[in-house]
Each structure stands twice: as C-alpha cells, then as structure tokens.
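> Sequence first, then the predicted structure:
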Amino acid sequence: MNGNKKSDSFSDKLPTVDMEEAGSEDMENEKQVVVGICAMSKKSESKSMTEIRTRLDEFEQIKTVVFPEETILKLPIEEWPLCDCLISFHSKGFPLDKAIAYTKLRSPFIINNMQMQHELQDRIQVYSTLAREGILLPRYAVLDRDSPDPAMHELIESEDHVEVNGVTFNKPFVEKPVSAEDHNIYIYYPTSAGSGSQRLFRKIGSRSSVYSPETRIRKTGSFIYEDFMPTDGTDVKVYTVGPDYAHAEARKSPALDGKVERDSEGKEVRYPVILSAAEKLIARKVCLAFKQTVCGFDLLRANGKSYVCDVNGFSFVKNSSKYYDDCARILGNMILRELAPTLHIPWDASFQLDDPPIVPTTFGKMMELRCVVGVIRHGDRTPKQKMKMEVRHSKFFELFEKYGGSPETNVKLKRPKQLQEVLDIARFLLSGGQNAENKDVEIEEKRTKLEQLKSVLEMYGYFAGINRKVQLKYQPKGRPRGTSSDDAGVNFISDSPKEPSLVLILKWGGELTPAGRVSAEELGKVFRHMYPGGKGLGILRLHSTYRHDLKIYASEEGRVQMTAAAFAKGLLALEGELTPILVQMVKSAHTNGLLDNNDSESSKFQRQVKQQLHDLMRQDKDLAPEDMEQINPCYSHSITNALQFIKNPHTVCERVLNLIHKLVQLIQTKRDDTMTKDAVLYHGETWDLMARRWAKLEKDFKTKETFDISKVPDIYDCIKYDIQHNSHAIGYDEAEELFYCAKHLADTVIPQEYGLTQIDKLAIAQGICTPLLKKIQADLQSNIGEPEPDDESVNRLNPRYSHGVSSPDRHVKTRLYFTSESHIHSLLNVIRFGGLANKKLDEQWSRAMEYLCVVNELNYLTQIVIMLYEDPTKDLSSEERFHVELHFSPGVTCCVHKIVPSGPGFRPKTLFSTAVITGQSSYSPLNSPATGKDFNPFIMPEPSNGSPSSVEAYNPLAAQLPSTMSLETLHNALALRQLDYFLEHVITTNYRPAALSTPSLQTISQECNGSSDVHENGEKSATRKSSINFKVALPEVS
C-alpha cells in the first residue's frame, strides 16, 4: 500500500454522512478491516498504543482509525467514525456509557467488553468475580458505609487489629477504597514494628507512597480490608492479550519505601518474570471472566502461592518491543480471523501462536520438538586468585568466634558487613593500632600480605556480587611450614609451633567479565534458532504461551549465575540489568549438589590421580613413547599433539618460569613508571594487583627446585586473560610464546586431572555429575506419557481451558544447566567412555569420537545439548516414537590459538549408515553490518529452508570478542530408550572400587571410543564388560 492511502484516515477531520459513504466505498475497494481506537487522547496517543497501531497497520488487510477526543466528548455517536472492529477502554473522563451506545448502534467486533468495564471500576464486584472463578485472593472483608444493611458497616478498631463485620484483621493489614478509581491505599503497621501507616497513591514524580505516623483507620468512605501479603518487596504485573498469552513483569512494591525505581530515561524499572503453570491459568481465567482481551492485573507472590489483588482492565506493557510485536500479531490475527471471511477479505493465517512446534529432523521426518536440555560452562572470567596467611591477633580470633568458629568449624565470610570487619582489622593493624600486642614483629613480617588483604578488599570501592570471600581455619598448634609462597614471611618459633593460630584464606577474582556477559547474551540469542519458528522468534512466541516450560539452573558460583542470567536475557529478548533477571529467573542448585561438586570420595580419588599426573609431568627428560602412553593412555590426539610440543616437561616449565619472571619485571617497571602507571587495565585491576598476581605464580610454580604442576591451569588462565584483555597495556613481546607453552602444558594437565584411564575418568565423572545425570534422565523421561494432574513442576495448559489451542497437553520443555569446567569435563567423559554407542557398529559415532579426541580445550561457554523429538503418529512403545539428537560445542575460540578442529557439522541433512556427515556445518557466519568484514561473534544457523538468518540487533562489543564455535552434531539418530539405559548404567555402575582397588592406578590402554570392551590383545576386560550390554539393541537406520 502506498503512503498516501495509508494516511487517509477517518480521524483526519470530523466525518459527515458523505464521508462515511466515501469511506465505506474506499474500504470495499481496498478490502481492509477498519479498526477504531476509541479512548481518551492520553491513552490512544501514548507510546505503547502508537507502537501497537504501527504494527497493526503493517497488516495489509487492516487500517487503524483513532477517534479524536473532541469527537468522543462533543459529537453524537452518529457522527463518530465508522469501524468494523472497536478497541475502546475507560480512563478518567471517558464517557463509557456513550461508547456502549455506539457499539449498540454500529455493532462492531469488540476487543474489550464495554459493559464489564463498569464492573472493573468497583473493587467489590472485581473481588466477587475473582472469588466466583476460584482465583486466590487475600483474605478480605468489605466495610460498605453506603449500604442500608447495618451488617455491612460494623467496625471495631483496636490498637493492633480491626474487626470488620465480624472478621478480624491483625496488623499489618491493607485498607483499599471500594472505588477502583481511588488509588489511596493505606497499609497499617503493628506497634511491634513501630506502628504508623504507609500511604500509597498514583505515582507523582519519583514517589508512589509515603510513611505516616497515623495509626487510626479512615472514618468516612467504604473500604475493603485485607491481609497484608509478604512479597519480599516485589509486585508482579501481568498483561494478557487474549486468554492464551500472558506477559509478566515485576517491580519494586510501592509499599516498600515509596521510591519509584527509574532507569536513565526516567522510566519505572520493571523486571521480566516467568509465570508458573498456576499463574498462567489465573491469567486465562481473569481474561475470560472479565471479557477483556487486553487486560492487566496484579499478582502477589507470598507463602508459596499467587494471589490476585487488583484487575486493571485494558493495560499495555511499556517499553518492550517483543510485547508490542506479540500484541499486534495476536490482535491482528484475532481480528482477521473474525472479520476477513464475512468482509470477503483474502487472508492467509501464516502463523498462529498455537501452532505445534513441528520441525524437520535430520532423521528425515517431520517430528515435534519436545525437550531441549543444555549444559553450558560459564563465560569469560577474571583469573581466580587466593592468598593464605597465618594470623594470631586477638581481633581475628574475636571475629572467628563471633561467626561461630571453633576448632572443628571453619568460618566463611562473604557478606558485605563481614568483609568490612576484616578490612577494618587489616587497616587497624597496618596503622600501628596493635599497640603493645604481638611485639615479636609478627605484624611487620606480614605487612605485605596485610597490604594485599586491604588492597583486595578495597577494590571497586564497595562490596557487591559474589567475588570476594575470606575463610578462617583454626590451627591448634599453629600452621606448619608449607611449600607455597603463602608461607613466606611467617615467623615460626620452631618446626612445631605450640601457639594456636588461624589461617586466613582470601579468595577473589573468578568474576564474569563484561566480555563474558556480552558473549553469554549473544549465545542466548543464537540459541533461539534451536527452536522452530523463523528467525529465532519461535521460542519467544512459545515462551509467552502456555506450552513452553523453561527452567534455568546455575551452581552457586557468581560467575556461573551471572552467565545464566546473561544467556536468559539474550534467549528471551529481555531488557535491563542482569541482577533482577538472575533473582527472578535463575534457580540456584547448590542445595542438592546438582551443579556443585560435593562428593568427598570423588575429590579424594581425583587428588590421587592428580598426584600421579603431576609426578609424570615433572620428568626432566625427553618423553619416550612409553612415557607418553602413561600420561595419555586413551591416546587422545589433542594430548598427543601437546606432548609432542612439550618433549621435555621440565625444560618447558623452566622456559615458562623464565618468561613469567620477565613479565613480572615488565609489569613492575610499568607500575613505577610515571608515563605508564596510570594506564587503564581491564576490569579495574591495578598494576600493583597484576604484579602481585604474576609474582605469586612465579614463586608458587617452583619451590625447592620442584615444579608445582597444579599451577599450570592458573598460569594458562592468567596469560590467556591478559592477552585477551591487557595486551595493549602490557606490550610484552614474548607473551605469545608464554601463551603457547602454557597452553600445551594445560592441554595435557587439565583434561587428565579428571582421570588418566577410562576407568579413572568414569569414576571421577560419576562422583562429580551423577546428580546432574539423574536430573537429565528425569527431564527426558517426563516427556513420555500423560502429565500428572497436580504436577506444578511443569508448565502445562489445563485442558479444561484449552479452547482454541492445538494439543493442549503438548509442551516444549527447556532445561538449561550452567556450571563450571569440572562438570563439563566429567559429562563429556561420560559421553566418550560410558558406552553410549559402539563406534565399530556406528560410523557416525566413530567420527564424532574422532572429533572429540582432537578438541584440545573445553573453553568458556562450552555446550552439550540434547534435543528430544516425538512422532505422535507412532505407538508409544515404538522405538520410532522418540528421536534424540546430541550436539556439542567447545565454546569460544582462543584469542591467539584460533585453529579449531573441523567438526562433523550441525544437523547434517544427508544420511549414511545411521547418518551421513557432510563435514559442512549448516551454520553460516554473520557479516558485520558496520564493516562488511567477517563478523563472527557467534555462528548462526540457517533456517530449514536454507535462507540466510537475520540478526535482530548488532552489538558492536560482540564484534570485538572471540568467536564461539558452532554446535557440532555428535549423533542425530539416538533412540530415547537407548539414551535412558545408558544414563541408568553410568549412574548405577560402581566404577570407583575397581579403580581404587589398583593402588598404582594401572593403565587401561584402549582406543578413545567410549565403547570398546577389549584390550589390544583381544581379551575382554572384566571392568568394562557391562558398559555396552544395554537391554535394547542399537537402532538401525537406513
């Protein structure tokens, strides 16, 4: 349509009968549905309405017409513009009865029922309707002073409670005017809390309530009294667009302190939230009960339940492009579905919100996506650092005892108040405040470490996040001399000190960097393309309807939780800061060990393995083939390549130490040079902290002429971090050599610390990730059969309210688990060595295992993804009913070492044996819209029709980040039963006794295939025999 025709609106001037006729003729010619917007201009011309109108006008079959306020107020309804569909809603000053008369005169299709809008102005009627629909309300009673019935205005007021018509409400309670137009709501507090009241009102500037010392209730007017619901200071606003769509946001409760939180643009800060299944059903009930297609209402989440405390009627979300898109799409489809046939307007419903998530699989069939399980490593972080020091000062002992410390109990200090107390002690001692105490110069000898303690605790100027913690351990006879640089400068009177002391352990760093946040968010955007629905929009639609069940879990580490929040922000197109997203959407799983390693026996066994590995890596000789076999008994290609580079471990370690020494000298020079001392380092680090970081590694890496191989991962982390973020400031010419030496050492040490032999790897992996394996198994199993009727753990649509929704019991389940490197290594070892498939029988699995053998690093944002599909046409017991795909990405590429192994490709389209691997990924790199050069912050998938993907927004910071490698399909034709038996087998098989029964941790030389059960001499291994004896044969795929 051309622009002139689009602007020709009934609202351009006051209409006449001739205009109506001309308009009718024009509509018939253009075959458009005219949608009238009838509301006060403050509402009809608001940003939200304008955004939605603009999107409605993008429908070729729809034309919107705004009724001018002057027309509404001054002209008779006969002279109002004509329309086929009417969106009309009440606000202050709006003539609702006049609008109702217009609908009776013209009979348009109504979006929000007009008569019910009268009811919405009366809180008594609203509460009655909610109660009739079985929707939870706070306990309430009505004091109706206008009622002729004396029983409706009986009131007894006492100091800490009121009795309304025989119903007692203890303070705190809420007093609401009966009229919904009156927003002066009071909350009365008990004397035990200081008494007084909080007075809520419509927002004025930055205030929405004020505290008043007044404790007496109002003596005139009619009110609803109800229990005050403890919501932890958060209210939830829910917005429906029809009964099958609900968008929810949380805001700080106006009852909290009355201050409205606003962003940099002056808008109230609101946070996205996920509605539970029960809350989505409430949204549907509210929408239908009040006959308001577009409807807002308030939820209070308290005591494990959700209560409706207000229904607002027509309400729009503010400042959410996704909501505007969804709202216009739903309303446009709703209007055309109703009116296009009767007006003889051609219309093709190309997309509906209730379309089932059908997608072509690589198996060659159209199947329904049922479940996506992703296990993802956290994003780029700062180097983890630790300092130990022995302390004997009485102030430390007082702090230790204050927080429950004892000879048997250690103390962990994380909260800001606790860390401030440690900082105060450090400042006190450094200022000479110790007076006559400890005259054995202990303080002076520890001055360097006290200064570092003070410097670390003073970083950023405040305590926030989960980035610093102090641990205090009791030592009854003092701390024995160790080998670490942490013991340097400690004044021991004898080899066996008699005085009790505390070991103070300071840990800091390991925070998610700004680059890590952006990378995680961008990865979340890319992850949308895993779901059906063009341009990655499918999941956004699914999530806003009743059939997407999303839960995000993260371990207790701050970097992991913030990665999960950033990923969720990108995945669901959320807006705002990460902290509220984290609070609202990410579940911490540390309470049951799901994503945190709490298995002490596994840790003990892993320490034994590490000790053996470290001994092997301290050899001062060129490694012979038999030495390499001891270090790499599984013949991993990546480790073989690293060992061939290393040749002599001692020599390489000496070279690394020498390079670190040069780097420390360079950093100290720049720290002291007036020309460079003010250079900007990444993430607020100072030259002094950087110098201490590297100097500590230099001291710890070699002690008593022996290299501490356990420091290799820390050295690699630090050089990788500084090359990525600080290379411009340091300007170290030999940085890349240090990187490559450290990387090849790390490529050997890090994976082998999780086991040398296959049995070692499985024993350690089982201890670390069994809880996660059980959870994944349950996630997949829950898709079989009918849902439990009272199962609130899954967001499902109640079939009783499923009118107009295809397959209401169907849903897409997404479970995302964010964790640390240990879980990723362990889970991948289970996949490689647990016996999921046999590479001798399965060519696809053979190629997948060859690929995993050459992957040398599981870097930040490594992903392991399981996708479950269902063919509803097959019998539930058939092997063909469910189809599983297993995908893997080794995460971001190294900033220096950018050569990545060629993988099997993502969801290859042609098949051989079980599946043909083409070697070409169906992902294609993005191009930078800013430069036109290859822009590859992440690899984006092509839609199934082969058309190029589109990106919603270009993030300039993302272009500066290392690329994240695309997902590679390890297998695209697994049977669900096969995977289930595999998980059950790995969970229940006792690997550890077999491994521990061999003191020397005897090498089991086997191929790196994860399925072979024979030694090279052809004899079967008793310890491996059961690993491939599944109860079901592997599926044959033609």
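That came through, no problem.
> mind checking the end-to-end distance for stretch 893-904?
17 Å (C-alpha to C-alpha, to the nearest Å).
> quick one: average confidence on it?
Throughout stretch 893-904, pLDDT has a mean value of 73.
> which residues touch that stretch?
720, 723-724, 736, 739-740, 743, 844, 847-848, 851, 854-857, 859, 890, 917, 919, 921, 962-966, 968-970 (C-beta atoms under 8 Å, 6 or more residues apart in numbering). Every C-beta, even on glycine, is put in place using the N, C-alpha and C of the backbone.
> Report the secondary structure state of Leu200.
Secondary structure assignment for Leu200 (DSSP: H, G, I helix; E, B strand; the rest coil): strand.
> swap in Tyr324?
helix.
> for the chain, which strand is longest?
Ranked by residue count, the top strand of the chain under DSSP state E comes out as strand 366-377.
> Run the chain-centre distance for the helix or strand just after it.
With elements assigned by DSSP states H and E, the helix or strand that comes after strand 366-377 is strand 385-391. In terms of C-alpha atoms, centre = their mean, to the nearest Å, the gap separating the centre of strand 385-391 from the centre of its chain is 33 Å.
> what does strand 385-391 rub up against?
446, 449-450, 452-453, 456, 475, 478-479, 484, 486-487, 490, 501-510, 693, 696.
> which secondary structure elements does the following helix or strand past it contact?
Per DSSP H and E, the first helix or strand lying C-terminal to strand 385-391 is helix 394-402. Packed against helix 394-402, as judged by 3 or more C-beta pairs under 8 Å, 6 or more residues apart in numbering; DSSP states H and E, are the following elements: strand 411-413, helix 416-430, strand 468-475, strand 501-508.
> Identify all contacting residues around helix 394-402.
411, 413, 421-422, 425, 428-429, 437, 472, 474, 502, 504.
> Closest one to Gln115 out of the residues you listed, please.
Taking C-beta to C-beta as the measure, Gln115 lies nearest Leu413 of the contacts of helix 394-402, at 62.0 Å.
> and the gap between the closest one and Leu331?
54 Å (C-beta to C-beta, to the nearest Å).
> in what helix or strand does Ile866 lie?
strand 863-870.
> Quick one: name whatever helix or strand follows that strand.
Taking DSSP H and E, what comes next after strand 863-870 is strand 882-889.
> still on that earlier bit, between Leu413 and Leu331, which one's more packed in?
The neighbour comparison of Leu413 against Leu331 (other C-beta atoms under 10 Å) goes to Leu331, with 23 against 20.
> Report the contact partners of the more buried one.
52, 56, 87, 111, 241, 293-294.
> Count the residues that sit near Asp672.
For Asp672, the neighbour count with other C-beta under 10 Å is 12.
> okay, now the nearest residue to Leu299 once chain neighbours are set aside: neighbour count?
Excluding its sequence neighbours, the residue lying closest to Leu299 (C-beta to C-beta, 6 or more residues apart in numbering) is Val236, at 4.0 Å. For Val236, the neighbour count with other C-beta under 10 Å is 22.
> What of Lys402?
If you count neighbours by other C-beta under 10 Å, Lys402 ends up with 11.
> what pLDDT does it get?
Per the predicted model, pLDDT is 93 at Lys402.
> my guess is Gly296 contacts Asn312, does it?
Yes: using C-beta atoms under 8 Å, Gly296 is in contact with Asn312, at 4.3 Å.
> And the two? Which one has more around it.
The neighbour comparison of Gly296 against Asn312 (other C-beta under 10 Å) goes to Gly296, with 19 against 16.
> How about the contacts made by the nearest residue to the more buried one once chain neighbours are set aside?
Excluding the flanking residues, the one nearest Gly296 by C-beta to C-beta, 6+ apart is Ser315, at 2.8 Å. By C-beta under 8 Å, 6+ apart, the contact set of Ser315 is 237, 239, 294-296.
> Tell me the one of those nearest Met367?
For the contacts of Ser315, the nearest to Met367 is Tyr239 (33.4 Å; C-beta to C-beta).
> Beta-bridge partners for the closest one, please?
Tyr239 has the following beta-bridge partners by DSSP bridges: His247, Gly296.
> buried residues in stretch 974-986?
By 16 or more other C-beta atoms under 10 Å, the buried positions in stretch 974-986 come out as 974-983, 985-986.
> State the mean pLDDT of the host helix or strand of Ile768.
Assigned by DSSP H and E, Ile768 belongs to helix 758-781. The average pLDDT for helix 758-781 rounds to 93.
> Let me know the average pLDDT across the strand holding Ile866.
94.
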